[in-house]
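Undergrad: Just the structure for this:
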Amino acid sequence: MNQDSSEENPIYYHGTKADLKTGDLIEAGFSSNYGTRRKAKYIYLSATLEAATWGAELASGEGRERIYIVEPTGAIEDDPNLTDKKFPGNPTRSYRSQHPFKVTGEVMEWQGHSPEQLKTMKDHLEKLKQQGIEAIED
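TA: You can find the predicted model right below:
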């Protein structure tokens with residue numbers, strides 16, 4: 001089931017392990033899921049379910065993996081961790097903002113990655129952490 005949105009009418013997703021309800025706000029300032037887990041200046045969203053799936057699977061915490069449908073409350077910009085600073089264009093349609101996202105719903109059915117894919121990604125992120133490479137926050 002392809003739930004990715006069109007570029008003209010984007011639906012935005014946020015993957016997490018937080019237990020949220022419709023109307024809740026997701027805000028910057030919490031510990032990042034990556035690197036040394038410093039306080040994040042930005043929050044992230046994507047117009048593809050694939051990118052949100054990675055967000056849910058890689059999120060810190062013990063809660064159930066969740067993907068929320070969110071609505072930005074302010075300006076969003078391309079995520080430099082997944083766009084021109086590291087990859088050409090914005091193939092994952094990933095964005096970030098310093099403004100909250102309002103939860104408007106939850107994707108109840110989605111397919112996670114295989115245990116092998118997940119292990120490969122977690123090993124890669126651990127390697128970056130050991131090298132002192134953090135998320136781009138500027």
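Undergrad: so Tyr13 touches Pro72, yeah?
TA: No - with contact defined as C-beta atoms under 8 Å, Tyr13 does not count as touching Pro72 (11.8 Å). Heads up, the C-betas are built off the backbone N, CA and C, glycines and all.
Undergrad: where do the contact lists of these two overlap?
TA: The contact sets of Tyr13 and Pro72 overlap at Leu45 (C-beta atoms under 8 Å, 6 or more residues apart in numbering).
Undergrad: So for the two, which sits in the more crowded spot?
TA: The neighbour count for Tyr13 versus Pro72, taken as other C-beta atoms under 10 Å, is higher for Tyr13 (30 against 16).
Undergrad: And the closest residue to Ile43 other than its chain neighbours, how far from Val107?
TA: Ranked by C-beta to C-beta, 6 or more residues apart in numbering and with sequence neighbours excluded, the top spatial neighbour of Ile43 is Ala28, at 5.1 Å. Taken as C-beta to C-beta, to the nearest Å, the spacing of Ala28 relative to Val107 amounts to 22 Å.
Undergrad: what helix or strand is the residue positioned nearest the centre of the chain on?
TA: Centre of the chain computed as the mean C-alpha position; nearest residue by C-alpha atoms, centre = their mean is Gly55, 4.1 Å away. Assigned by DSSP states H and E, Gly55 falls within helix 49-58.
Undergrad: Quick check: which helices or strands does that helix pack against?
TA: Other elements packing on helix 49-58 under the criterion 3 or more C-beta pairs under 8 Å, 6 or more residues apart in numbering; DSSP states H and E are strand 12-16, strand 43-46, strand 66-72, helix 115-130.
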